[in-house]
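Peer 1: Here is my input, please return the structure:
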Amino acid sequence: MTKYKVTLTAEERAGLERVVAVGKAAARKLTHARILLLADTAGEECTDQEIADALGSSLPTISRVRHRFVTEGLDAAVSPRPQPPRPDKVKIRGDVEQELIRVACSDPPQGRCRWTLCLLADELVALGLVARVSRETVRLALKKTPSGPGSSRPGASRPGPTPRTSGGWRT
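Peer 2: Numbering: from 1, shown residues only. Modelled structure (predicted):
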């Protein structure tokens, strides 16, 4: 594994020391600034293990910060990279959701007394509606209901007012 040498200019060192001294930044940014300060070859250079012990960080993190500083510069090494975009939470929509509800409301397969999430997921795949689907995705799709207590639409039962249990005076 190649070890990248961190050499900070006086200006960069002062900026990092200011960030660490103020302490009003994201925790990751502060940790990366401390790593660069300890890894600087201009001062007392610490080994990666000493830096990891001092900051409670891991060796791969220290290696990544060193690498990013040498290849991309100070700003890239200190500021965290943006997280990759997350896939949509709801994976079953529209026609697939309607078919899932239709299957869930139908009679279960022969030899079963009810539909399980795994059986429903397998049935969606067998019908060719999805290539593959997990039972958790099926659970989340079935969990959605318009008659929850927070919805404005009327459902099977609406919660009534909660009676007072404190026994305090009414005014």
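Peer 1: Could you point out which residue ranges in this protein have low pLDDT?
Peer 2: Where the chain drops to pLDDT under 70, the residues are 1-2, 42-43, 88-90, 144-171.
Peer 1: give the contact list for Ile51.
Peer 2: 35, 38-39, 57, 62 (Cβ atoms under 8 Å, 6 or more residues apart in numbering). The way it works is simple: take the backbone N, C-alpha and C, and place the C-beta from them, glycine included.
Peer 1: now, which of those lie within helices?
Peer 2: Using DSSP state H, the members of those that fall in helices are 35, 38-39, 62.
Peer 1: ranking those residues by neighbours, who comes first?
Peer 2: With neighbours defined as other Cβ atoms under 10 Å, the most crowded of the ones in helices among the contacts of Ile51 is Ile35; it has 28 neighbours.
Peer 1: Distance-wise, check that one relative to Lys91.
Peer 2: Using Cβ to Cβ, to the nearest Å, one gets 39 Å for the distance from Ile35 to Lys91.
Peer 1: before we move on, back to that, identify the farthest-apart pair in the contacts of Ile51.
Peer 2: Ala39 and Ser57 (11.2 Å; Cβ to Cβ).
Peer 1: Break the chain down into its structural domains.
Peer 2: 10-78, 94-143 (automatic domain parsing).
Peer 1: Can I get those in JSON lines including distance to Tyr4?
Peer 2: Shown next, in JSON lines, are the domains of the chain (distance: least, Cβ to Cβ, whole Å):
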{"stretch": "domain 10-78", "distance to Tyr4": "4"}
{"stretch": "domain 94-143", "distance to Tyr4": "41"}
